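**Student:** With the input below, show me the fold.
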Amino acid sequence: MPVLAALVVVAAALVALLGARRAGGPGAWVPLKRWALGCLLLLHGVWRQRAAGGAPAEPRRPRLLRPDPHALDSVYFTGFAETNKTFVIARLAKRPNGACEMWLFLRVDGIGEFEHPQHPNMMVRDESEEIWSGGGLTIEYLEPQRHWRISFDGLLRKGPYRQQWSEEEGELVPVKFSLHWENITEVFNFNVNSHPGTFARAFAQEPWTIEFFQRVKKQREQHFRHEQWGQSAGEIEIENHGKTELSLKGVRSHSYGIRDWSEIYRYVMTLARFEDGTAAHLTVINMPATTANLTVGYVFFPDGRKAGIEWSNASLAEMAEDGVIKDEYGVSFTAGGKHFDVSAALDKQACPVVYNGLTGSGVFHECIADFQLNGLTQGWGLIEFYYRNIWSFESLFKVLVTHCASVSLGKEEGMVHVIHRGEQNVKTQSWHEKSR
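**Tutor:** Prediction:
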C-alpha cells in the first residue's frame, strides 16, 4: 500500500532530521510527529475509501483462512431489549485446524441468566465449512450486509454466570432459539472509515524507529474489521418456561485476517445504542509492539450518518487497570464535530467471563450496562474488558487436564502441549506462560 509504505519513508526522514536519540525518545517532538502522521493518514484514508468504493460485497460464506496459525474469521452479535433486561450475546470465530472460538450468553427477563456449559472456556470444534457453527450455535449470512440468522439448539447452564472454572456442571437446561437479524445502519469499516487523528495522536507518543513503522504497517495490513447495527426478532424456547418472543437491537461485528492475541496486552471496548437512535463504539487498546493507548471507534447518528471518533479522554490507566471492575464509568469523545459524554452503570449480576483458550493467559469480561448520553438519553449495551497474563501456570494446567485427553510439559520451560478430547480434527496446541 503506497501510503503505508510512505510512513516508513517519513520515519526514516524524521529519524535522520532529528537524530535517532530525539526521534526515538518517548513523547519526543510530539506536535511535529502528530502533524506528519495526521497528514499521511488522512491521505491514506482517502485512498482506501476510493479503493473500497469498488470492492466486492462481504462474502456470504466464511472466508478461507490464511496460512497462519493466528488466522481467523469471526462474527459477533449483541442484542438488547429496550423494554426489559433481556439480552443475547453470540460469537463464533473460525480458527486453523478445525478449531473455533465460541461465546454464548443470554438473559430472558423474568426467567434468568444462561451461558454455554463450556464457559468460561471458549474453544470448541468447528462444525461446518459453509457457515459459522460450533457448540450447538449456528450463524448464517443470508443476504450481504442486510440479513443474518443466529440459532441454537442444546443445553445451557442456568446462572449465575461463573467467574472461574468449576468441575461442577451446574443446572443444565434445554434451550432452543432462532433470531433473524436485519440491518438498521450501513457498515462502518475500521480500516477505511476510522478518523486518522486518533492514530496520529497515539503513534506520536511512541518512540519512532523504522522497525516501529514496519510493525504498524504489518498490523494494519493483516487484520480487518467492520461493524453494523441492526435488530433481531424471533423466539426462544426454554424447558418448563415455554416460548418467549424476542425483539432486540445491537451490533454485529465481522473480524477477519490474522489476530494474534499475544500481541494485545489489554483493551476496554464500549458498545452502546441509545433510545434516540445514536449508536457508538469506543475501544481503548494497548498493543505493546505499536501503541500503549490507542483510542478508536465511531458514532452512528440518528439520521444514519457515521463518523469516526476524533478524540477521547478514555485512558486504560483509569479503567480497571488493577483488574477490579467498578460499578460505574464515564468517558467523553468527539465525532462528526459533536461532543459526547457517556456514562455507564454496570450490572454486576451480568458480567460473564471467558478464558482466552488460544493463549492460555487471558480473560474477557463481558459486562452488561445501562448507559446515559449527555446525562439525558437512555441507552443499552456492554463494556468488554480484556486482560492478558492473568492465569498462573498451575491453574492453567489444572483446567487443561480436566478438558484434554493428553497434557504434557514440553521441552521449553513453561510450555504445555494439548490434544483435545474427542476432537480429532483439532491438532495439538501449545500454551506458553508469558510474563510482562
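**Student:** alpha carbons only for contacts and neighbour counts from here, please
**Tutor:** Noted.
**Student:** In a helix, Ala317, correct?
**Tutor:** Yes. Looking at Ala317 with DSSP: H, G, I helix; E, B strand; the rest coil, it is inside a helix.
**Student:** What separation do you get for it and Phe371?
**Tutor:** Distance, Ala317 to Phe371, using C-alpha to C-alpha, to the nearest Å: 21 Å.
**Student:** Mind checking which of those two has more residues around it?
**Tutor:** Phe371 (26 against 9; other C-alpha atoms under 10 Å).
**Student:** so what's the more buried one scoring on pLDDT?
**Tutor:** pLDDT, Phe371: 98.
**Student:** again with the one 4 residues further on
**Tutor:** As summarised for this prediction, Gly375 has a pLDDT of 95.
**Student:** How many residues are close by it?
**Tutor:** When neighbours are counted by other C-alpha under 10 Å, Gly375 comes out with 11.
**Student:** What are the neighbouring residues in contact with it?
**Tutor:** Asp341, Val342, Ser343 (C-alpha atoms under 8 Å, 6 or more residues apart in numbering).
**Student:** One more: Tyr329?
**Tutor:** Met319, Ser343, Ala344, Ala345.
**Student:** what does Lys249 give?
**Tutor:** Thr78, Gly79, Phe80, Ala81, Glu82, Trp229, Gly230, Gln231, Ser232.
**Student:** Then Ile111?
**Tutor:** Contacts of Ile111 (C-alpha under 8 Å, 6+ apart): His241.
**Student:** so what pLDDT did it get?
**Tutor:** pLDDT, read off for Ile111, is 97.
**Student:** If any of the contacts of Gly375 are buried, put those into a PyMOL selection.
**Tutor:** Entered in PyMOL, the line below selects the buried ones among those, by 16 or more other C-alpha atoms under 10 Å:
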select buried, resi 342+343
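**Student:** Can you tell me which of the contacts of Gly375 end up in helices?
**Tutor:** Using DSSP state H, no member of the contacts of Gly375 sits in helices.
**Student:** Serialize the contacts of Gly375 to CSV and add fields for pLDDT and distance to Arg162.
**Tutor:** Below are the contacts of Gly375 laid out as CSV (pLDDT from 0 to 100; distance: C-alpha to C-alpha, whole Å):
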residue, pLDDT, distance to Arg162
Asp341, 98, 32
Val342, 98, 28
Ser343, 98, 26
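**Student:** nearest to Gln164, of the contacts of Gly375?
**Tutor:** Here the nearest of the contacts of Gly375 to Gln164, counting by C-alpha to C-alpha, is Ser343; it sits at 28.1 Å.
**Student:** Bridge partners for the closest one, pull those for me.
**Tutor:** According to DSSP bridges, Gly330, Gln372 are recorded as the beta-bridge partners of Ser343.
**Student:** list the contacts for it?
**Tutor:** Residues near Ser343 by C-alpha under 8 Å, 6+ apart: Glu328, Tyr329, Gly330, Val331, Phe371, Gln372, Leu373, Gly375.
**Student:** got those as CSV, with distance to Ser361 columns?
**Tutor:** What follows is these, written out as CSV (distance: C-alpha to C-alpha, whole Å):
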residue, distance to Ser361
Glu328, 27
Tyr329, 26
Gly330, 28
Val331, 28
Phe371, 30
Gln372, 34
Leu373, 35
Gly375, 38
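**Student:** Closest one of these to Leu137?
**Tutor:** Distances from Leu137 to these, taken by C-alpha to C-alpha, are shortest for Phe371, at 28.8 Å.
**Student:** which ones are touching that closest one?
**Tutor:** Per C-alpha under 8 Å, 6+ apart, neighbours of Phe371: Ala272, Phe274, Val342, Ser343, Ala344, Ala345, Gln378, Gly379, Trp380, Gly381.
**Student:** next one: Arg91
**Tutor:** Ser74, Val75, Tyr76, Phe77, Glu101, Met102, Trp103, Leu104.
**Student:** In strands, which of these appear?
**Tutor:** Those of those mapping onto strands are Ser74, Val75, Tyr76, Phe77, Glu101, Met102, Trp103, Leu104, per DSSP state E.
**Student:** and the fourth one, how many neighbours?
**Tutor:** Pointing back at Phe77 there. 25.
**Student:** So it versus Glu140, what's the distance?
**Tutor:** 12 Å.
**Student:** Pop out the phi and psi values for Gly197.
**Tutor:** phi -60, psi -30 (degrees, to the nearest 10).
**Student:** tally of neighbours for it?
**Tutor:** Residues near Gly197, counting by other C-alpha under 10 Å: 22.
**Student:** shouldn't it be in contact with Ser312?
**Tutor:** No. Gly197 lies out of contact with Ser312 (C-alpha atoms under 8 Å); the separation is 10.7 Å.
**Student:** Need the residues touching each of those two.
**Tutor:** Going by C-alpha under 8 Å, 6+ apart, no residue sits against Gly197 while also sitting against Ser312.
**Student:** buried sites along stretch 247-260?
**Tutor:** Quick answer for stretch 247-260 (16+ other C-alpha under 10 Å): 247-259.
**Student:** Nearest to Arg149 among those?
**Tutor:** Arg252 (11.5 Å).
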